[in-house]
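Participant: sequence and computational prediction follow.
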Protein chains: 2
Amino acid sequence: MKIINSILKVILCTFLFIACNDTQKKENKVTSETSEVAQENILAGWADTPKNRIISWVEKVTDSSSSDFIPVKDRIAVFDNDGTLWPEQPAPTQLLYVLDFLKKEYPNRPEWENDAVISAAVQGDFGPLKEKGSAGIIEMVNKSYDSMSEDDFKESVRQWIDTTRIEKFDMTYKEAVYLPMLQLLDYLRAHNFQTFIVSGGGADFMRVWTDEVYGIPSNQVIGSYGDVEFSNEDGKATVYKKEGDIFFDDKEAKPEAIHRFIGKKPVFVGGNSDGDQAMMEYTSSSDYNTMCIILHHTDGEREYAYDTKTLSGHLETALQMAKEKNWLVIDMKEDFKQIFPD
Amino acid sequence: MKIINSILKVILCTFLFIACNDTQKKENKVTSETSEVAQENILAGWADTPKNRIISWVEKVTDSSSSDFIPVKDRIAVFDNDGTLWPEQPAPTQLLYVLDFLKKEYPNRPEWENDAVISAAVQGDFGPLKEKGSAGIIEMVNKSYDSMSEDDFKESVRQWIDTTRIEKFDMTYKEAVYLPMLQLLDYLRAHNFQTFIVSGGGADFMRVWTDEVYGIPSNQVIGSYGDVEFSNEDGKATVYKKEGDIFFDDKEAKPEAIHRFIGKKPVFVGGNSDGDQAMMEYTSSSDYNTMCIILHHTDGEREYAYDTKTLSGHLETALQMAKEKNWLVIDMKEDFKQIFPD
């Protein structure tokens, strides 16, 4: 199991809501008004320039007479989740769930009173957590599921995610997903791509709602994961979640997880941060003609504007590499006609 | 990472070719001659009794007007591989690959001369391996892929499995797979089941040929796995296999792996040994009407006959539980009209 301390520190800081939303001014892009694509409804939420580039690539690699043709069995498309399919500011959603869970459960867990990190955090004091660093985060995440059956965990997440609202958008988390990305998932699947999530979020946390929200079934959701234990002692054969080490699915761990879970290189990646760079490098090294897209969060009014100044979703080296590798960078303010569904 | 020593010891003994093929006499089953199913070609390699029971279950759970209906998204069918889809005697196939690899590579690896287990094993002396027990097996398996890129490993397995012949059957390993099980995979997929492998074999070893042989793509192959490491240092972004701990996908680890990789309970399981019992218990505890089948190797002439007296594929407690839970036990001598494809 891998614990990448530096990355967890990043999450820690984010968890403490030290988000630095410095809206960035971007030069206006010149977008092509003369789309060669007739089908107006495809990727309707996208500006013409990125839309045409995506369509051009998909049409090329799905054309059996093209030298760039990719057989259906190798049409693997992977997407980061936090910041790529839904927002990740002011903190990754799962961490808000963890805090809410600990607060709600605290009165029933007298043993937590002796836990300096948790007893302070549930009262809004993140000092001890900050002091303990990544170990404190692991402690809190572990406590949010330790000894829960998989069914009980699913039900707990389901209740929270169905009801908790995001004040800034006046939407639930399941509603506040990026419309253009939903269209892209549909468009790729219509061309026989298999769409996977490869995210730093917990796989078990995401699987509760990804099928309903993204049309991505649980076995195509790859994320961070902890220990589990099968038990049939009481005649109820169940897998229980256990506290312990956590495989943190970020940076180099992403291509490693792709190897472990998918077993072949993707040909398409969507991401938004340096945490996605390794899987983009991995994908770019395929023998096939591949496509990598990076969402650049530039719209502080409709969503959030951030890149190098935030800790969660930090985007710096991947943006540099995008220039070298000709990856498609999406300026969300310019390129997304609409951010969320109506 | 889990190392289940007792199980590895079992493999060790099997590896030493201590197989005890005691053919068992079974009472003849009374098979129904009056099949209610008109489609003669379905499961053509199966005797009527198990065939009708499988068809009856599939028709019930895929009938949207039935109270036993299972929505397509939950039609998860999992299969063990060694002893369930192909033979596992006199030793699990991958271990024969490991030994052949070590023999072939030995002249190029002077450092292996100091390894007591390997230097003896490549000359047919398994004494040191036996002495070292499960640690010796791990050592050999680790050496069979350490520092290899995923592509090089695939190519090595591909060459071996495409060319190595099984003397007893005069077939390659890819040819010597159970015809009735191929028909069952096809039949389930025709009814929109997703078919997965959940095997103690190495996932990377199986993924090389499962799509071609079983029609099961790499992302639906769950198996044992070791450490990997992403590297892009030389400009070639690749995942390398590394020696280290091994997640051994057997017994309780099977439902744990199903949780980790699939994220939901299966509704159908095919297996053949006590190593598959935990995932059958797990499946049986589903809220859906489920089906578990156990292959009982009873045909010493056409294949192998074994159950309690062999170490690899040991079948004892699962057979007992099959009676209690009404799991379908397949007597391969009686119930498989043909073992291998022509």
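Facilitator: Okay, I see it. Numbering: from 1, shown residues only, chains lettered A, B, ... in the order given.
Participant: what does chain A put close to chain B?
Facilitator: A:1, A:73, A:76, A:150, A:194, A:196, A:203-204, A:207, A:211, A:217-221, A:225, A:228-230, A:232, A:236-239, A:252-253, A:255-256, A:258-264, A:278, A:281-282, A:284-285 (C-beta under 8 Å from any C-beta of the partner chain). Yep, even glycine has a C-beta here, placed from its N, CA and C like the rest.
Participant: what comes up buried for stretch A:141-159?
Facilitator: A:Val141, A:Asn142, A:Lys143, A:Ser144, A:Tyr145, A:Met148, A:Glu150, A:Phe153, A:Lys154, A:Ser156, A:Val157 (16 or more other C-beta atoms under 10 Å in any protein chain shown).
Participant: who are the packing partners of the host helix or strand of the second one?
Facilitator: Here A:Asn142, judged by DSSP states H and E, is contained in helix A:134-143. Contacts of helix A:134-143 with other secondary structure elements, assessed using 3 or more C-beta pairs under 8 Å, 6 or more residues apart in numbering or on different chains; DSSP states H and E, are made with helix A:5-15, helix A:93-105, helix A:116-121, helix A:127-132, strand A:238-247.
Participant: let's have the ones you listed in JSON lines, adding distance to B:Ile246 and mean neighbour count.
Facilitator: Rendered in JSON lines, the data for those read as follows (distance: least, C-beta to C-beta, whole Å; neighbours: other C-beta atoms under 10 Å in any protein chain shown):
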{"stretch": "helix A:5-15", "distance to B:Ile246": "25", "mean neighbour count": "19"}
{"stretch": "helix A:93-105", "distance to B:Ile246": "29", "mean neighbour count": "19"}
{"stretch": "helix A:116-121", "distance to B:Ile246": "34", "mean neighbour count": "20"}
{"stretch": "helix A:127-132", "distance to B:Ile246": "32", "mean neighbour count": "15"}
{"stretch": "strand A:238-247", "distance to B:Ile246": "15", "mean neighbour count": "18"}
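Participant: can you list the ones you listed in JSON lines and add mean pLDDT and distance to B:Ala47?
Facilitator: Conversion of the helices and strands packed on helix A:134-143 to JSON lines gives the following (pLDDT from 0 to 100; distance: least, C-beta to C-beta, whole Å):
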{"stretch": "helix A:5-15", "mean pLDDT": "50", "distance to B:Ala47": "56"}
{"stretch": "helix A:93-105", "mean pLDDT": "96", "distance to B:Ala47": "51"}
{"stretch": "helix A:116-121", "mean pLDDT": "94", "distance to B:Ala47": "60"}
{"stretch": "helix A:127-132", "mean pLDDT": "90", "distance to B:Ala47": "63"}
{"stretch": "strand A:238-247", "mean pLDDT": "96", "distance to B:Ala47": "35"}
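Participant: A:Ala44 is nearest to which of those?
Facilitator: For those, proximity to A:Ala44 was assessed by C-beta to C-beta; helix A:93-105 is nearest, at 26.3 Å.
Participant: packing partners for the closest one?
Facilitator: Other elements packing on helix A:93-105 under the criterion 3+ C-beta pairs under 8 Å, 6+ apart are helix A:5-15, helix A:116-121, helix A:134-143, helix A:150-163, strand A:194-202.
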